[in-house]
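J.: what's the 3D shape of this:
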Amino acid sequence: MGKDIGVVICNFNKKDFVLESVKSVQESVGVNPDIFVVDNASSDGSAEALKATYGDEITLFENSENLGGSGGFNTGLRFVRDNGYKYFFCLDDDAQVDENALKVLYDYMEANPDVGMAGCRVYHMQMPGVIQQSGLKIDFDHCSAITIGADQPEDGSLPDIIECDTVATCAVMVRGDVARRPEVGIMPASNFIYWDDMEWGHRIHLAGYGVVTLANAKAVHQMGAIVRRPNTFINYYMWRNRTNFFLRFTPEEKLDEMSYQILSAFFDAMYECMYRNEHNVKTSIALAYQDALTGVRGKAGEGRILENDANDDKLIAFIQGKKSYYLVDAGFEDDAVYLRNFFEKEAPQMAPCDKPEGADVVFEMCENIFRVKDLSLERVYIDTFRNAVMDDEDVEALREYDYSKLLYVYMNQDILIDSVKKLRD
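T.: Numbering: from 1, shown residues only. Coordinates of the predicted model:
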């Protein structure tokens, strides 16, 4: 079969994981890929460990600075592209492929020349029977992305071949000739991180090629711990790149609806930050919006990434004054588990009750407190982000929410659409 496949692994400070990623590729059967590992200026000894473990079995690129996910991948993809490999395979540093995955993808793409991108079905590394993702759909009606199969137990209900809009680059194969087309290219490095794989897959679609995931090509991917991040890195890049994507790629006939969806989403984020006194988070999101409108790309500029001041201070103060509670999960059973754990940690004196009668406070879970219509305060509505309606000040904020949002969209919609036209010009 020859050297048809160039595997590119991008690593940043995941020494132990990346060694296993390389090993999983080496154990592939039926193919003989070349392995290229890009180290994005790691400080944990990754490059040294890769050299000591694999030597000349791999080609190691060492970037002098962290170029982000897309920039890091592109260091290797550029070499693979320029050296004529038929297929590129991208693998995250904390992902591992099944021994048959590359052969399954290779055979499918050989048999289907109209497919430009084919991805693995990815499972949670900690829960290998639970799907993490099997491709993504881009929802232009709501300016969002829908992960196919997210957190779904593998029960055989998903099709073996899923046609989708894009595939996360944690485990995906791309046809080399498609990536060499100027309108497609390799990963959009101007994103730095996040939504780069969304754009890559969408470009492949626009060029007339299919995108699929295959159930028989399996991979596992480490799921990051749910922890409070030290800064607003994710807030900035996620908001900027998602917004910029829809500003550039939404079909012309959907611009009005897109502008409403984008402005509504930013209003919700701003209102929530005000509600929770998260001023740094607000600043990063506001600057992300400004940069998206003006076409600012690449690594975040000065003052964009700030200390994370996300907090649950008001809720914590509220529950610390209570001795007992009753929780109505209202269909949010999984989120209720996290909420009960939060209560136990922050207010150990507040005991759960089996019945609402006699409890100091009754909590009822909901999707979004800003859509709650019951403002009686007879129970405390709390959403999956731990926003809660606890007092008269909260009630007043909810009363003003709908009209404030309408005014915000009305004020900014023309400006947003004008910015879209300038970006596209």
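J.: every contact and neighbour count from this point should use C-alpha atoms.
T.: Fine.
J.: now do residue 74 against residue 167, distance only.
T.: 17 Å (CA to CA, to the nearest Å).
J.: try residue 296
T.: From residue 296 to residue 167 the distance is 25 Å (CA to CA).
J.: higher neighbour count, the two?
T.: residue 167 (29 against 18; other CA atoms under 10 Å).
J.: quick one, what contacts the closest residue in space to that one that isn't next to it in sequence?
T.: Computed as CA to CA, 6 or more residues apart in numbering, the closest residue to residue 167 that is not its neighbour in sequence is residue 135, at 4.6 Å. Residues near residue 135 by CA atoms under 8 Å, 6 or more residues apart in numbering: 119, 121, 147-148, 162, 164-168, 212-213.
J.: filter those residues down to just the ones in strands.
T.: In strands, defined here by DSSP state E, the members of those are 119, 121, 147, 162, 212-213.
J.: who wins for most neighbours among the residues you listed?
T.: Going by other CA under 10 Å, residue 119 tops the ones in strands among the contacts of residue 135 with 32 neighbours.
J.: do you know how far the residue of the chain positioned farthest from its centre is from residue 326?
T.: If you look at how far each residue of the chain sits from its centre, by CA atoms, centre = their mean, the farthest one is residue 358, at 42.3 Å. The gap separating residue 358 from residue 326 is 9 Å, by CA to CA.
J.: so which elements touch the longest helix seen in the chain?
T.: Across the chain, the longest stretch assigned as helix under DSSP state H is helix 392-424. When contacts are defined as 3 or more CA pairs under 8 Å, 6 or more residues apart in numbering; DSSP states H and E, helix 392-424 packs onto helix 233-249, helix 255-276, helix 279-294.
J.: could I get these in CSV, plus columns for distance to residue 194 and mean pLDDT?
T.: Below are the helices and strands packed on helix 392-424 laid out as CSV (distance: least, CA to CA, whole Å; pLDDT from 0 to 100):
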stretch, distance to residue 194, mean pLDDT
helix 233-249, 6, 96
helix 255-276, 17, 95
helix 279-294, 13, 97
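J.: now those as TSV including distance to residue 421?
T.: As requested, the helices and strands packed on helix 392-424 are exported to TSV (distance: least, CA to CA, whole Å):
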stretch	distance to residue 421
helix 233-249	9
helix 255-276	10
helix 279-294	10
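J.: for residue 336, see how far away the residue farthest from the centre of the chain is.
T.: 21 Å.
J.: what's the answer for residue 88, then?
T.: 42 Å.
J.: please identify the helix or strand for residue 142.
T.: If you go by DSSP states H and E, residue 142 is not part of any helix or strand.
J.: so what pLDDT did it get?
T.: Per-residue pLDDT puts residue 142 at 95.
J.: so where is the chain shaky, pLDDT-wise?
T.: The chain contains residues with pLDDT under 70 at 1-2, 224-227.
J.: show me where it has helices.
T.: 15-26, 46-54, 68-82, 101-111, 176-179, 196-206, 233-249, 255-276, 279-294, 313-319, 333-346, 392-424.
J.: for the shortest one, which outside residues touch it?
T.: This means helix 176-179. 81, 84-88, 116, 184-186, 204.
J.: which one's more surrounded, residue 88 and residue 336?
T.: Shown here are residue 88 and residue 336; by other CA under 10 Å, residue 88 has more neighbours (26 against 19).
J.: for residue 197, see how far away the more buried one is.
T.: Going from residue 88 to residue 197 by CA to CA gives 14 Å.
J.: also residue 134?
T.: Taken as CA to CA, the span from residue 134 to residue 197 is 14 Å.
J.: those two: who's more crowded?
T.: residue 134 (28 against 22).
J.: list the contacts for the more buried one?
T.: Residues in contact with residue 134 (CA under 8 Å, 6+ apart) are 119-122, 147-150, 162, 167, 213-215.
J.: rerun that using 6 Å as the cut-off
T.: 121, 148-149, 213 (CA atoms under 6 Å, 6 or more residues apart in numbering).
J.: from the residues you listed, which two are the most distant?
T.: Across the contacts of residue 134, no pair lies farther apart than 149 and 213, at 11.2 Å, counting by CA to CA.
J.: number of residues surrounding residue 337?
T.: 11.
J.: likewise for residue 59?
T.: Using other CA under 10 Å: residue 59 sits among 17 other residues.
J.: partners of the residue lying closest to it once chain neighbours are set aside in the sheet?
T.: Closest residue to residue 59 apart from its sequence neighbours, by CA to CA, 6+ apart: residue 36 at 4.8 Å. Note on residue 36: beta-bridge partners residue 8, residue 59, judged by DSSP bridges.
J.: from here on, call the first residue 842.
T.: Sounds good: first residue 842 from here, last item residue 877.
J.: in contact with residue 877, which residues?
T.: Per CA under 6 Å, 6+ apart, neighbours of residue 877: 848-849, 899-901.
J.: chain center to the longest helix of the chain, what's the gap?
T.: 25 Å (CA atoms, centre = their mean, to the nearest Å).
J.: next, the buried residues of that helix.
T.: 1235-1236, 1238-1240, 1242, 1246, 1250, 1254, 1257-1258, 1260-1261 (16 or more other CA atoms under 10 Å).
J.: ends of stretch 932-949, how far apart?
T.: End-to-end for stretch 932-949, by CA to CA: 18 Å.
J.: same thing with stretch 863-875?
T.: Stretch 863-875 end-to-end distance (CA to CA) = 11 Å.
J.: which of the residues in that stretch are buried?
T.: 863, 865-867, 869, 872-875.
J.: same thing with stretch 933-946?
T.: Buried residues in stretch 933-946 (16+ other CA under 10 Å): 933-946.
J.: how about residues contacting stretch 1248-1261?
T.: Contacts for stretch 1248-1261 (CA under 6 Å, 6+ apart): 1088, 1104, 1134.
J.: from residue 1134, how far out is the first one?
T.: Computed as CA to CA, the residue 1088 to residue 1134 distance reads 8 Å.
J.: pick out whichever of the two has more residues nearby.
T.: residue 1088 (25 against 22).
J.: ok, and the closest non-adjacent residue to the more buried one?
T.: residue 1261 (5.6 Å).
J.: quick one: which of the contacts of residue 976 is nearest residue 1115?
T.: Using CA to CA, those come closest to residue 1115 at residue 988, 29.4 Å.
J.: list the contacts of the residue nearest to the closest one when sequence neighbours are not counted.
T.: Distances taken as CA to CA, 6+ apart place residue 977 nearest to residue 988, at 4.6 Å, with adjacent residues excluded. Shown in contact with residue 977 (CA under 6 Å, 6+ apart): 987-989, 1005-1008.
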